[in-house]
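Trainee: Quick one, what's the 3D model for this:
(one chain, ligands or ions: 1)
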Amino acid sequence: MKELILKIAVTEFDNLNELNSLEYELLNKAIKAAGNAYSPYSNFKVGSALLLHDNRVVTGNNQENAAFPAGICAEQVALSNWGANFSHLSIKLMVVVALKNEKLTDEVITPCGECRQVMAEVAMRNGDFPLILAGKNRILKFEKSVDLLPLSFMNK
Ligand SMILES: [Zn+2]
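Mentor: Predicted coordinates:
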């Protein structure tokens, strides 16, 4: 028997100015996507943007529903769009943000467990990708999205 210690590498940025231009541009696309979220029940708008290998950008935002389980997270909207239309292109970078009262949240928001599982399977299908979770006062960059869900479920 031995103890295993799982480590993840995370870069923490103090403010948005520390992002490179590519990251900052994608962040703004995620913010724009969040602005178009349909979230009348939570009033919490989440946006996600994927930068693909050919520099195309795919975005998503949360789509809530009166029948709550029918709602879908921003991350899954973007990743489903990728899966339906662009799965032949690898993902270079993913950004997730949220708006509160139409403004970027101060802190990062982190993907729910279901979204982490979806990201893990996308990473398995077509290669892993860095993930930026951004708030106004704090930004976290994970070099691999699977780091958010160690020992994820894989049916193989
Ligand atoms: Zn989610």
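
Trainee: And the pLDDT at the spatially most central residue of the chain?
Mentor: In the chain, the residue lying closest to the centroid (CA atoms, centre = their mean) is residue 96, at 3.9 Å. The model reports residue 96 with a pLDDT of 98.

Trainee: The one 3 residues further on too?
Mentor: The per-residue pLDDT reported for residue 99 equals 97.

Trainee: Neighbours of it, how many?
Mentor: By other CB atoms under 10 Å, 20 other residues sit near residue 99. All C-beta atoms are positioned from the backbone trio N, CA, C, and that covers glycine.

Trainee: next one: residue 53
Mentor: For residue 53, the count of nearby residues is 14 (other CB under 10 Å).

Trainee: One more: the one 5 residues further on?
Mentor: By the measure other CB under 10 Å, the count of residues near residue 58 is 24.

Trainee: so is it in a helix, a strand, or just coil?
Mentor: strand (DSSP: H, G, I helix; E, B strand; the rest coil).

Trainee: Now it: closest residue in space, sequence neighbours ignored.
Mentor: Leaving aside its sequence neighbours, residue 58 sits nearest to residue 50 (CB to CB, 6 or more residues apart in numbering; 4.5 Å).

Trainee: Pretty sure the one you found sits in a strand.
Mentor: Yes. With three-state DSSP as the criterion, residue 50 is located in a strand.

Trainee: Touching, the residue nearest to the centre of the chain and residue 77? I think so.
Mentor: No. Using CB atoms under 8 Å, residue 96 is not in contact with residue 77; the gap is 11.4 Å.

Trainee: Where do the strands of the protein begin and end?
Mentor: For the chain, the strands defined by DSSP state E occupy 10-13, 45-52, 57-61, 91-100, 103-104, 131-134, 139-142.

Trainee: and those as a markdown table, adding distance to residue 122?
Mentor: A markdown table is the format used below for those (distance: least, CB to CB, whole Å):
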| stretch | distance to residue 122 |
| --- | --- |
| strand 10-13 | 20 |
| strand 45-52 | 9 |
| strand 57-61 | 12 |
| strand 91-100 | 7 |
| strand 103-104 | 25 |
| strand 131-134 | 11 |
| strand 139-142 | 14 |
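
Trainee: I am finished for the moment; much appreciated.
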